[in-house]
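Engineer: sequence unknown, structure follows:
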């Protein structure tokens with residue numbers, strides 16, 4: 001059995017795969033086999049509408065907890081979608097998928113801070129009434145691998161470095177570079193994609209991150225009202241971590257205090273004042289703050305940090321509020337999991353996919369084949385990073401689960417004030433998330449609903465080839481995002497036959513798509529022909545259940561012409 005890891009000091013190289021995990025003191029996440037209707041939602045308790053439960057009314061469970069903690073306080077972390085806005089009833093009226101996946105049966109148990117969490121979790125896991133028990137683990141954003149030795153110039157640059165020497169730093173001052181341009185948007189043919197499909201304001205993109213600076217000039221009017229789901233009382237945090245700013249009050253103000261989420265938002269939704277226009281076109285952004293600003297031991301600059309449970313709550317709330325795409329630029333390495341740990345985000349990913357939400361995640365910045373979650377979960381579009389030479393970035397995490405690549409070096413982004421520039425798969429993922437929204441919008445104009453798997457299939461099949469030798473890009477996906485080709489493929493879907501449903505008028509078909517070669521590829525004497533690999537799926541197993549396309553088979557299924 002692995003050694004207890006409930007309280008750990010941050011590792012020396014926090015952007016590399018970890019073999020330790022950090023968790024909140026005095027908290028346990030518990031999933032029972034029964035509902036326990038008397039346990040309220042935490043937000044209703046915070047509002048004073050209800051009182052937290054002092055026991056679970058499961059004798060064996062209550063005894064196990066009482067033997068290790070002098071007090072306990074039980075609330076629910078997840079809202080019931082049906083009663084999302086009904087104060088006092090957010091713990092009632094669960095849908096079938098919420099019940100089947102255990103979201104309705106998940107509880108947060110607050111204990112004496114000195115409780116031995118690992119011992120308690122092990123004891124609870126052995127009880128028949130318990131489906132799962134785990135510490136409330138912390139996750140952060142090590143997915144900003146900005147300019148540093150081996151990162152400047154092109155992604156093939158290599159430099160020997162001694163063990164323990166940081167190979168990449170975290171943030172970049174834009175003034176350091178004079179060669180920044182819009183290469184990333186040129187590489188994915190963003191302008192051509194937006195010329196075909198300007199985007200749909202009904203297709204919401206959620207940014208699950210550190211929040212968004214919604215008052216930034218590039219983002220004014222581009223964001224819907226979001227939520228701050230961070231709940232990190234400082235006394236509950238592991239040693240070696242100092243929380244900054246707002247970290248313990250949930251509200252409807254998802255203000256960004258570190259810039260990570262704002263950078264992602266700028267790639268997706270910039271107005272085009274000084275930054276390139278956002279990849280998502282007219283799609284609005286839904287900022288869901290699940291990560292707070294924190295100073296972690298051995299890191300020169302603050303990072304974004306939150307609990308896995310707060311992240312899952314943010315994803316579920318975004319889906320329940322109508323998000324069709326979620327950008328997930330964070331991850332937990334598989335190497336950090338204990339044998340008894342549940343796979344992070346598995347149930348919430350299945351929930352989102354089952355409700356038709358496309359999930360796009362950064363693959364990671366380990367530079368090797370480490371599997372990060374949620375990127376490594378089935379159904380999630382895992383995105384690698386390429387440099388301006390169209391080769392995989394040195395820092396980009398590889399693996400068979402990685403499906404596609406996008407620009408992730410020297411990326412111009414919105415900062416908390418003005419502009420900044422970043423490297424990292426965190427900033428490759430938003431290009432793919434934005435393209436996914438355009439694909440959904442283009443298909444909707446043809447009255448064709450697409451499942452998350454079909455959106456993924458289109459993005460992967462229309463990707464353009466990497467530069468360099470074939471072996472160079474192994475594990476970095478089928479190719480580089482070609483947003484224009486993906487939108488063209490969605491526009492070519494066979495529309496629903498309206499012959500028997502009256503005259504619906506013109507479907508609003510966009511002009512014929514332009515098909516110039518990728519200007520960046522042309523400069524590098526590359527051809528921009530679409531990759532031919534396909535991942536056509538009818539049904540895919542995600543977590544516990546098969547998730548099937550809702551569009552049917554054969555003639556009933558949209559065909560690519």
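Structural biologist: Perfect, I can see it now. As the structure is a prediction and not an experimental result, all values here were calculated from the model.
Engineer: okay, CA-based contacts and neighbour counts for the rest of this
Structural biologist: OK.
Engineer: Straight-line length of stretch 466-484, end to end?
Structural biologist: 17 Å (Cα to Cα, to the nearest Å).
Engineer: and it, average pLDDT?
Structural biologist: Here stretch 466-484 scores 92 as its mean pLDDT.
Engineer: Ok, stretch 339-352 next?
Structural biologist: What stretch 339-352 shows for mean pLDDT is 94.
Engineer: How far off centre is that stretch?
Structural biologist: 13 Å (Cα atoms, centre = their mean, to the nearest Å).
Engineer: Same question for stretch 304-312.
Structural biologist: On the basis of Cα atoms, centre = their mean, stretch 304-312 sits 11 Å off its chain's mean C-alpha point.
Engineer: now stretch 23-36
Structural biologist: Remark: stretch 23-36 is offset 23 Å from the chain centroid, using Cα atoms, centre = their mean.
Engineer: list the buried ones in that stretch?
Structural biologist: For stretch 23-36, burial by neighbour count (16 or more other Cα atoms under 10 Å) applies to 23-32, 35-36.
Engineer: Name the nearest residue to the residue nearest the centre of the chain, ignoring sequence neighbours.
Structural biologist: Closest residue to the average C-alpha location of the chain: residue 328 at 1.2 Å, with Cα atoms, centre = their mean. Residue nearest to residue 328 in three dimensions, not counting chain neighbours: residue 361, with 4.5 Å by Cα to Cα, 6 or more residues apart in numbering.
Engineer: residue contacts, that neighbour?
Structural biologist: Neighbouring residues of residue 361 by Cα atoms under 8 Å, 6 or more residues apart in numbering: 327-330, 374-375, 380-383, 426, 429.
Engineer: Adding secondary structure, pLDDT and distance to residue 310, write the buried residues of stretch 23-36 out as CSV.
Structural biologist: Formatted as CSV, the buried residues of stretch 23-36 follow (DSSP: H, G, I helix; E, B strand; the rest coil; pLDDT from 0 to 100; distance: Cα to Cα, whole Å):
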residue, secondary structure, pLDDT, distance to residue 310
23, strand, 85, 13
24, strand, 87, 12
25, strand, 87, 15
26, strand, 91, 16
27, strand, 93, 13
28, strand, 96, 13
29, strand, 97, 11
30, strand, 97, 14
31, strand, 98, 16
32, strand, 98, 19
35, coil, 94, 21
36, coil, 95, 21
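Engineer: hang on, the earlier thing: the residue nearest to residue 328: helix or strand, and which one exactly?
Structural biologist: Using DSSP states H and E, residue 361 sits in strand 358-362.
Engineer: in its sheet, what does the very next helix or strand once past that strand sit against?
Structural biologist: Once strand 358-362 ends, the next helix or strand along the chain (criterion: DSSP H and E) is strand 372-373. Using DSSP bridges, the strands paired with strand 372-373 are strand 332-333 (antiparallel).
Engineer: what are the ranges of the strands in the stretch 351-500 of the chain?
Structural biologist: Taking DSSP state E, counting those that start in this stretch to define them, one finds strands in the stretch 351-500 of the chain at 358-362, 372-373, 381-386, 402-407, 411-414, 419-422.
Engineer: now the second one, how far from the chain's geometric center?
Structural biologist: Going back to what we said before, that points to strand 372-373. Distance, centroid of strand 372-373 to centroid of chain: 10 Å (Cα atoms, centre = their mean).
Engineer: who's in contact with that strand?
Structural biologist: Here strand 372-373 makes contact (Cα under 8 Å, 6+ apart) with 331-334, 343-345, 363-364.
Engineer: can you check the fifth one too?
Structural biologist: By Cα under 8 Å, 6+ apart, the surrounding residues in contact with strand 411-414 are 180-182, 184, 216, 218, 262-267, 270, 275, 419-423, 427.
Engineer: quick revisit: which one of the contacts of residue 361 is nearest to residue 468?
Structural biologist: Set against residue 468, the nearest of the contacts of residue 361 by Cα to Cα is residue 383 (19.0 Å).
Engineer: Now do the SS call for residue 136.
Structural biologist: When classified by DSSP: H, G, I helix; E, B strand; the rest coil, residue 136 comes out as strand.
Engineer: pretty sure it is in contact with residue 23, am I right?
Structural biologist: Yes. Counting by Cα atoms under 8 Å, residue 136 touches residue 23, with 5.4 Å between them.
Engineer: got any residues that touch both of those two?
Structural biologist: Counting by Cα under 8 Å, 6+ apart, the contacts common to residue 136 and residue 23 are residue 307.
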